[in-house]
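Visitor: got a structure for you, letters missing:
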């Protein structure tokens, strides 16, 4: 396996969590040194287990690969994208304010919701819950990830299919 392949999730093309966390740490260090903005989006697919139960594993894999491509399209190379868990992704946005990051998160949320997917068992729509966090002074990369996750959790608790800022 090449070094690049060891860092990339084969299903989605996103960075694997461990490598993504290294990239996030580098981005946080750079933002501290340059006193620049940095935001993180943390997103989770809503009701993925229900999708699996109704449409099967193949539909879930197809949906996750499609979502990773949609994230890449919306963020257009602004920063690295990581697959944090089974249905969780994160995006590092160097030089981006929390307001701009939230607007991009909303653009992604709407783009995901608009797409109708077909499976052998019928059509379905995906939705995502998005948490947005901006770097604070002296905050470490792990703290920023936790803040993004906490905001994402609040988006899920508020009814899903939402964008919530820290």
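Guide: Yep, it's here. Please read all numbers here as calculations on a predicted model, not as lab measurements.
Visitor: tell me where this structure has strands.
Guide: 15-16, 38-45, 81-83, 88-94, 116-119, 122-125, 128-134, 163-165 (DSSP state E).
Visitor: could the ones you listed be laid out in TSV, adding mean neighbour count, distance to residue 108 and mean pLDDT?
Guide: Where you see a C-beta, it was placed from the backbone N, CA and C, and this is true even at glycine. Below are the strands of the chain laid out as TSV (neighbours: other C-beta atoms under 10 Å; distance: least, C-beta to C-beta, whole Å; pLDDT from 0 to 100):
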stretch	mean neighbour count	distance to residue 108	mean pLDDT
strand 15-16	20	17	98
strand 38-45	26	7	97
strand 81-83	25	11	98
strand 88-94	25	9	98
strand 116-119	13	16	83
strand 122-125	12	14	86
strand 128-134	27	7	98
strand 163-165	21	8	98
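Visitor: and those strands as CSV, adding distance to residue 62?
Guide: Compiled in CSV, these are given as follows (distance: least, C-beta to C-beta, whole Å):
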stretch, distance to residue 62
strand 15-16, 20
strand 38-45, 12
strand 81-83, 15
strand 88-94, 16
strand 116-119, 7
strand 122-125, 11
strand 128-134, 16
strand 163-165, 24
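Visitor: quick one: closest of the ones you listed to residue 29.
Guide: strand 38-45 (10.0 Å; C-beta to C-beta).
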